[in-house]
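# Sequence isn't available, so here's the structure alone:
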């Protein structure tokens with residue numbers, strides 16, 4: 001879930017008189033007229049989309065993702081489609097879904113309503129600005145505007161979607177049809193997610209004809225998903241005068257199990273494949289489906305949560321709507337810390353420091369002092385709890401059960 005590049009490490013330009021304008025988003029900047037990208041958005045040379053360590057510019061390399069025909073999941077070709085899903089999840093961590101059953105007017109109406117929301121006056125959009133990560137509705141900019149040293153060329157509207165009866169009164173009331181259209185869309189994508197997850201579980205041998213008898217946790221997992229979390233993120237990427245200097249979104253992976261991405265016909269999404277950044281070709285009336293961190297853990301690493309990013313262009317605005325799904329939030333707390341926070345801290349802060357060798361020996365990539373070690377050990381133990389909650393069958397490399405009270409330094413993330 002974390003950005004892979006160091007865009008949060010630079011100090012804020014607190015003395016910049018334009019700082020308050022940056023906080024209002026790139027749409028606000030564009031509405032006030034700009035001809036150059038402000039320094040706030042300019043990435044270090046090595047992190048710009050035009051820099052790819054000597055290989056051809058990623059913009060020149062396009063990728064046609066595997067295409068899954070959802071309609072065939074319901075027919076006689078189901079077993080073959082399940083194999084195609086498994087291959088896509090293992091090799092790419094992404095696939096495109098066609099014939100998904102969501103009416104085209106619902107899709108086009110959601111894109112249109114999203115564009116009209118971002119076209120509202122700044123004063124109206126600003127009503128939904130919030131620093132509260134748990135707010136049922138949140139309008140903002142960049143990736144994490146309270147911490148990003150370099151901003152991304154992106155504004156967003158985040159909508160909690162479950163339970164709808166609780167969050168709906170907080171959703172934007174303008175445009176006047178926004179709530180109605182967004183509710184319809186969220187319900188359709190939730191149903192699609194559940195159907196997809198059933199197929200993915202079957203491709204892993206955990207339900208359906210291929211089910212392996214592994215315990216009660218497999219019997220009720222779909223029921224947990226029905227009551228699971230859903231976050232809808234509406235993204236706006238305005239035209240950028242110097243797109244080669246910035247990004248719409250930094251390299252990151254998604255938390256949760258699955259993300260269902262709806263995008264317009266403008267290129268922008270890139271995924272990291274075999275060490276290169278490749279642009280995903282938009283496919284009309286389709287969804288881009290990608291594996292999240294929780295599904296990678298759940299599958300014992302078989303299905304991959306892959307880094308992806310967004311590039312921008314100088315001529316056309318781009319709109320996308322991401323629907324992120326996972327287990328219920330009530331299952332997502334461990335001693336007051338969210339699973340994602342623990343996994344994020346472990347993978348991005350401590351894991352790069354070392355590699356495990358054996359029970360009593362591990363090699364540090366850099367020196368870790370006593371205080372840092374205590375932090376590492378705490379997060380390691382919490383990570384064991386996290387993995388056991390998401391996937392109770394997770395084992396150490398030696399095959400033994402994980403015991404958070406008997407964590408050994410030899411604990412291996414690879415099952």
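Received it, and whenever you're ready, just let me know what you need. Everything numeric here is computed off the predicted structure, so don't read it as measured data.
# which element is the nearest residue to residue 262 once chain neighbours are set aside on?
Distances taken as Cβ to Cβ, 6 or more residues apart in numbering place residue 321 nearest to residue 262, at 4.4 Å, with adjacent residues excluded. In short, each C-beta sits where N, CA and C put it, glycine included. Following DSSP states H and E, one finds residue 321 within strand 318-325.
# name the helices or strands packed onto that strand?
helix 104-118, helix 178-203, strand 230-237, strand 258-263 (3 or more Cβ pairs under 8 Å, 6 or more residues apart in numbering; DSSP states H and E).
# Mind checking the ones you listed for the one nearest to residue 50?
strand 230-237 (17.0 Å; Cβ to Cβ).
# Return the set of buried residues in that closest one.
With burial defined by 16 or more other Cβ atoms under 10 Å, the residues of strand 230-237 counted as buried are 230, 231, 232, 233, 234, 235, 236, 237.
# wait, what's in contact with residue 199?
By Cβ atoms under 8 Å, 6 or more residues apart in numbering, the residues touching residue 199 are 73, 81, 82, 85.
# gap between it and residue 86?
10 Å (Cβ to Cβ, to the nearest Å).
# Residue ranges in the stretch 251-400 of the chain under the pLDDT threshold?
329-400 (pLDDT under 70).
# ok, which stretches of it are helices?
For the stretch 251-400 of the chain, the helices defined by DSSP state H, counting those that start in this stretch occupy 293-298, 339-345, 370-390.
# Which residues belonging to the first one are considered buried?
Meaning helix 293-298. 293, 294, 295, 296, 297, 298.
# Check which helices and strands it is in contact with.
Short answer (3+ Cβ pairs under 8 Å, 6+ apart): helix 293-298 packs on helix 339-345, helix 370-390.
# any idea how far residue 161 is from residue 185?
10 Å.
# And stretch 206-226, end to end?
For stretch 206-226, the first-to-last residue distance is 17 Å (Cα to Cα, to the nearest Å).
# before we move on, back to that, what are the pairing partners of the strand holding residue 321, and which direction each?
Strand pairing for strand 318-325, using DSSP bridges, gives strand 230-237 (antiparallel), strand 258-263 (antiparallel).
# where does the residue nearest to residue 317 when sequence neighbours are not counted fall, phi/psi-wise?
Nearest in space to residue 317, with sequence neighbours left out and distances taken as Cβ to Cβ, 6+ apart, is residue 238 at 5.2 Å. Dihedral pair for residue 238: phi -70, psi 160, per degrees, to the nearest 10.
# OK, contacts around residue 238?
Contacts of residue 238 by Cβ under 8 Å, 6+ apart are 26, 27, 30, 153, 155, 312, 317.
# Apply 10 Å and report the result again.
25-31, 118, 153-155, 248, 312, 316-318 (Cβ atoms under 10 Å, 6 or more residues apart in numbering).
# Please indicate which of those residues are buried?
25-30, 118, 153-155, 248, 312, 317-318.
# farthest pair in the residues you listed?
28 and 318 (17.1 Å).
# between the contacts of residue 238, which is nearest residue 285?
Closest to residue 285, out of all of the contacts of residue 238 and judged by Cβ to Cβ, is residue 318, at 16.9 Å.
# Would you confirm that that closest one contacts residue 312?
Yes: contact status for residue 318 versus residue 312: in contact at 7.2 Å, counting by Cβ atoms under 10 Å.
# Am I right that residue 81 is in a helix?
Yes: with DSSP: H, G, I helix; E, B strand; the rest coil as the criterion, residue 81 is assigned to a helix.
# how far away is it from residue 253?
From residue 81 across to residue 253, the span is 25 Å (Cβ to Cβ).
# okay, the two: which has more neighbours?
Comparing residue 81 with residue 253 by neighbour count (other Cβ atoms under 10 Å), the higher total belongs to residue 253, at 23 against 19.
# right, and that one touches residue 306 too?
Yes: Residue 253 is in contact with residue 306 according to Cβ under 10 Å; the separation is 6.6 Å.
# Overlap of the contact sets of those two?
Common neighbours of residue 253 and residue 306, using Cβ under 10 Å, 6+ apart, are 93, 272, 290, 291, 296.
# what's the most distant pair in these?
The widest separation within these (Cβ to Cβ) is 14.5 Å, between 272 and 296.
# Just put the helices and strands packed on strand 318-325 in JSON lines and tack on distance to residue 286.
Shown next, in JSON lines, are these (distance: least, Cβ to Cβ, whole Å):
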{"stretch": "helix 104-118", "distance to residue 286": "9"}
{"stretch": "helix 178-203", "distance to residue 286": "12"}
{"stretch": "strand 230-237", "distance to residue 286": "17"}
{"stretch": "strand 258-263", "distance to residue 286": "9"}
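# Please identify which of those is closest to residue 142.
strand 230-237 (11.4 Å).
# tilt between the closest one and helix 104-118?
Angle, strand 230-237 to helix 104-118, by axes from the mean of the first three to the mean of the last three Cα atoms, to 10 degrees: 60 degrees.
# What average pLDDT does strand 230-237 get?
Mean pLDDT, strand 230-237: 96.
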